[in-house]
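Visitor: give the three-dimensional model of this entry:
(chains A, B, C and D)
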There are 2 protein chains.
Amino acid sequence: MESVFEIIAEPNRRAILSLLVSSQQSVGEIERKLRMPQPTVSKHLRVLREAGFVESTVDAQRRLYQLKPEPFQEVHAWLAQFRRFWSGYLDALERHLDRMDQSTPNKKKTREKTTRPNRGRDQGETR
Amino acid sequence: MESVFEIIAEPNRRAILSLLVSSQQSVGEIERKLRMPQPTVSKHLRVLREAGFVESTVDAQRRLYQLKPEPFQEVHAWLAQFRRFWSGYLDALERHLDRMDQSTPNKKKTREKTTRPNRGRDQGETR
DNA sequence: CACGTATATGCTCATTAGAGTATACACAGT
DNA sequence: ACTGTGTATACTCTAATGAGCATATACGTG
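Guide: Here you go, the predicted structure:
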């Protein structure tokens, strides 16, 4: 279970991730909302946690799980190399923004920090 | 092997897909470039073909494989729901463009046609 | 038509992942 | 301290997947 792709290959895990989009959830909440046996939930959460998709905070006996961004970025980075094929849309958008960046050096400097840790493009090598 | 996620969970298949980004390739070319036994290549190509990731055209005894866009869009659509977390970047871009659309009704009408078949957003349901 | 090349398929084997069940561990309240 | 709730883990079983090898099929060429 090394790659992020193997992690998200499992339907129940994808369901859990989707559920966590709205807000953090306890194991019990996930269990009920997804109608999944508790050990199953815990096991998938463990996998997700070890892969960096989620992290848990302790609330008494409960564990609250919430999403973490990195692995999604990794998937996105891999997907990026195929963009030219199917989209052209996001490509255009990114090029557009890049141009914006140059023309208006710092209007919303948010982007500078938040969005591009390594390099403007997120083509990034996956491995 | 139903979902697109299971398809791309396999490293060799991802390698093949990445290889096909540059241009279409014959089975033999893939075999050599990836140093993979031919039956392995053929079998993975079969999986990829049946999942709609690639299609083959006949060139005498050779089969030339090339990428198809749909499954990638599906992955992208799934990934979209998590954007708010990790990026904010693309989200910002899209919002920005949306605003652009409204303010300048048709400056580059390219986007109108090319980029948004269904609706501005591509959040799209996956299944 | 025989042969070589290119690709696909069939079969077996080993590994692995996920489900299910039981159980252990942790904390809270009484 | 005891009990109940919430969560994690251990163990077994089964199914599915990918590798490896052999072989079949298709096509082009002499």
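
Visitor: residues of chain A that sit close to DNA strand C?
Guide: Applying CB under 7 Å from any atom of the strand, one finds that chain A approaches DNA strand C through A:1, A:6, A:9-10, A:12, A:37, A:39-40, A:43-44, A:47, A:60-61. The C-beta positions use only the backbone N, C-alpha and C, and glycine is treated the same way.

Visitor: from the residues you listed, list just the buried residues.
Guide: A:6, A:9-10, A:44, A:47 (16 or more other CB atoms under 10 Å in any protein chain shown).

Visitor: who's in contact with A:Leu19?
Guide: Shown in contact with A:Leu19 (CB atoms under 8 Å, 6 or more residues apart in numbering or on different chains): A:25, A:30, A:33-34.

Visitor: narrow those residues to just the buried residues.
Guide: A:25, A:30, A:34.

Visitor: am I right that the second one is in contact with A:Arg13?
Guide: By that I understand A:Ile30. No: judged on CB atoms under 8 Å, A:Ile30 makes no contact with A:Arg13 at a distance of 11.0 Å.

Visitor: list the buried residues for stretch A:54-69?
Guide: Quick answer for stretch A:54-69 (16+ other CB under 10 Å): A:54, A:56, A:63-65, A:67-69.

Visitor: what is the nearest of those residues to A:Leu17?
Guide: Checking these against A:Leu17 by CB to CB gives A:Leu67 as the nearest, at 6.8 Å.

Visitor: once you drop chain neighbours, what's closest to that closest one?
Guide: Excluding its sequence neighbours, the residue lying closest to A:Leu67 (CB to CB, 6 or more residues apart in numbering or on different chains) is A:Leu20, at 4.9 Å.

Visitor: number of nearby residues for that neighbour?
Guide: Using other CB atoms under 10 Å in any protein chain shown, A:Leu20 has 22 neighbouring residues.

Visitor: anything in the helix or strand where it lies near DNA strand D?
Guide: Secondary structure from DSSP states H and E places A:Leu20 in helix A:11-22. No: Helix A:11-22 lies out of reach of DNA strand D by CB under 7 Å from any atom of the strand, never closer than 11.3 Å.

Visitor: what lines up beside the helix or strand just after that helix in the sheet?
Guide: Counting by DSSP H and E, the element after helix A:11-22 in chain order, helix or strand, is strand A:25-26. Here strand A:25-26 has these sheet partners by DSSP bridges: strand A:62-67 (antiparallel).

Visitor: angle of the partner strand against helix A:11-22?
Guide: 90 degrees (axes from the mean of the first three to the mean of the last three CA atoms, to 10 degrees).

Visitor: for the very next helix or strand once past strand A:62-67, packing partners?
Guide: Of the helices and strands lying after strand A:62-67 in sequence (DSSP H and E), the nearest is helix A:70-80. On a contact count with 3 or more CB pairs under 8 Å, 6 or more residues apart in numbering or on different chains; DSSP states H and E, helix A:70-80 meets helix A:4-7, helix B:70-80, helix B:83-86.

Visitor: which stretches of chain A have low pLDDT?
Guide: A:87-127 (pLDDT under 70).

Visitor: residue contacts, A:Val58?
Guide: Contact partners of A:Val58, counting by CB under 8 Å, 6+ apart, are A:Leu64.

Visitor: cool, and A:Leu20?
Guide: A:54, A:65-67.

Visitor: so can I have a markdown table of the helices and strands packed on helix A:70-80 showing distance to A:Ala80?
Guide: Formatted as a markdown table, the helices and strands packed on helix A:70-80 follow (distance: least, CB to CB, whole Å):
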| stretch | distance to A:Ala80 |
| --- | --- |
| helix A:4-7 | 14 |
| helix B:70-80 | 10 |
| helix B:83-86 | 13 |
